[in-house]
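Undergrad: show me the folded form of this:
(one chain, ligands or ions: 2)
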Amino acid sequence: MKIKCGFVAIIGKPNAGKSSLTNAIISEKVSIVSPKPQTTRNNILGIYNTNDCQIVFVDTPGLNQTHNGLDDYMQKSIKGAVTDVCAVILAVDITKGLTKQETDLIDRYNKSNVPVVVALTKIDLVDDKKVFETLAEFSPLMDKCEVVPLSSLKHKNVNTIVDVVKKFLPEVDESQRYFEEDMYTDKSLRFIVAEVIREKALFYLDKEIPHGIAVLVWSFEELDNIINIDADIVCDKDSHKAIILGKQGSMLKKIGHSARVSIQKIVQKKVNLNIFIKVKPNWKNNLEFLNSLGYNINEI
Ligand SMILES: Nc1nc2c(ncn2[C@@H]2O[C@H](COP(=O)(O)OP(=O)(O)OP(=O)(O)O)[C@@H](O)[C@H]2O)c(=O)[nH]1
Ligand SMILES: [Mg+2]
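TA: Ligands and ions are numbered 1, 2, ... in the order given. Now for the predicted structure:
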C-alpha cells in the first residue's frame, strides 16, 4: 500500500506556540511548553502516524540571536530542521501579529520552493474580528503560503493544518516509513523526564534563572511498580542555587512535586524523584556537558 510520508519543520519566534502545536497534533506530551520564551532548546520529533501517512514534525527552538555555545546550537538546529523537509509550518502568534522577520522567511522559503504553511496560533485569545483582520494582512502573501488560524489549547483547526501539510508529502510504499508506527517521538524517556523537570523549573522560577539552568537525569531505574529517578538541576552561579532551593528547600520541593506528578502521568507508574542542585559556571559554553544533556552538538 502507498502512504504519504515525510518531514515537516515547525519554526517561528520564541513563545509562538510551536511546541504546543506539536503536542496538540501528536496528542502526547512530546515537547515541553512554558510561558517563558526560549523553552525548546533542540529539535524534537513528534511523529504523527495513521494508516495512510507518517508525518514527522520537527519542533524547533525559537528564532533568535546567539550569545553562547547553547544559543549557537539552538539556531543551527533550526537550519538543520528545515533542510530536506516537505514543508515548513511557520508559527505566528496572532496576538503579536506578522512582522518583517516572518514575511522575509516566507519569501526565502518560497524562493527555495519549500511550501510554507502559516499556523496563526492562539486564536482563542482574540475575537473573530481580529482573526479576519490578521488574515487580511496575509492577502499579499497568498500566493506564497497558506494560512491556518488555530488554537492548540482548544484543539481548534489542529487537524486542518495536518491535512494541509499532508498534501505536500510524497507518496511512498508503506515499508518506507521513517519510524515504527507505534513511535511518537525520537526522544528517550530519560530525555523527556529531564525536559519535564526543566518545564516545571521554568514555570516557577523568574528573571534570568530559567534560561541559566539545565537538567541532567543521571540515574533512571525502572522496577516493577516504581521508577527511581535521580536528576541534577545545573545552574551557573551560587546565588542561583540558593534561589532554586528556596527558603528551607521550598522552591525545589514545588518543582520536584509538580515534575513528579507530570512524569507519573507520562510513565503511568509511581515515580520516586530526587533532584539535586549543582553549580557549573559557564556550562552553556561547555560542549562536552551540552552533549551529555542530549544536545548533540556534533550532529549538526
Ligand atoms: N491561549 C493559548 N495559549 C497558547 C496556545 N498555544 C500556546 N500557548 C501558550 O503560549 C506559551 C508558549 O507556548 P510554547 O508552545 O512553549 O511556545 P514555543 O513556540 O514552543 O516557545 P519556545 O520553545 O520558547 O520557542 C505557553 O504559555 C503556552 O501555553 C493556544 O493555542 N492558546
Ligand atoms: Mg518550544
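
Undergrad: ok, which stretches of the stretch 151-300 of the chain are helices?
TA: Applying DSSP state H, counting those that start in this stretch to the stretch 151-300 of the chain gives helices spanning 158-166, 189-204, 238-245, 250-267, 287-292.

Undergrad: Three-state assignment for residue 62, please.
TA: coil (DSSP: H, G, I helix; E, B strand; the rest coil).

Undergrad: find the nearest non-adjacent residue to it, please.
TA: Leaving aside its chain neighbours, residue 62 sits nearest to residue 14 (2.9 Å; criterion: Cβ to Cβ, 6 or more residues apart in numbering). Placement of C-beta: from N, CA and C, glycine included.

Undergrad: quick one: the strands in the stretch 51-200 of the chain?
TA: Ranges of strands within the stretch 51-200 of the chain are 53-59, 87-93, 116-121, 145-149, 171-173, based on DSSP state E, counting those that start in this stretch.

Undergrad: what's the angle from the third one to helix 158-166?
TA: With axes from the mean of the first three to the mean of the last three Cα atoms, to 10 degrees as the basis, strand 116-121 and helix 158-166 are set at 170 degrees to each other.

Undergrad: any part of strand 116-121 near ligand 1?
TA: Yes - Strand 116-121 lies within reach of ligand 1 by Cβ under 6 Å from any ligand atom, at residue 121.

Undergrad: the residue nearest to residue 62 - how many residues pack around it?
TA: 16 (other Cβ atoms under 10 Å).

Undergrad: so which strand or helix has it?
TA: Using DSSP states H and E, residue 14 sits within no helix or strand.

Undergrad: ok, residue 69 touching residue 288?
TA: No - using Cβ atoms under 8 Å, residue 69 is not in contact with residue 288, being 10.7 Å away.

Undergrad: more neighbours, these two?
TA: residue 69 (18 against 8).

Undergrad: out of everything not next to it in sequence, what's closest to that one?
TA: Nearest one to residue 69, counting by Cβ to Cβ, 6+ apart, is residue 285 at 4.3 Å.

Undergrad: before we move on, the earlier item: with mean pLDDT, distance to ligand 2 and mean neighbour count added, can I get the strands of the stretch 51-200 of the chain in a markdown table?
TA: A markdown table is the format used below for the strands of the stretch 51-200 of the chain (pLDDT from 0 to 100; distance: least, Cβ to the ion, whole Å; neighbours: other Cβ atoms under 10 Å):
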| stretch | mean pLDDT | distance to ligand 2 | mean neighbour count |
| --- | --- | --- | --- |
| strand 53-59 | 97 | 6 | 24 |
| strand 87-93 | 98 | 9 | 24 |
| strand 116-121 | 98 | 12 | 25 |
| strand 145-149 | 98 | 19 | 21 |
| strand 171-173 | 96 | 29 | 12 |
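
Undergrad: among those, which comes closest to residue 100?
TA: Evaluated over these, closeness to residue 100 peaks at strand 87-93, with 12.4 Å, by Cβ to Cβ.
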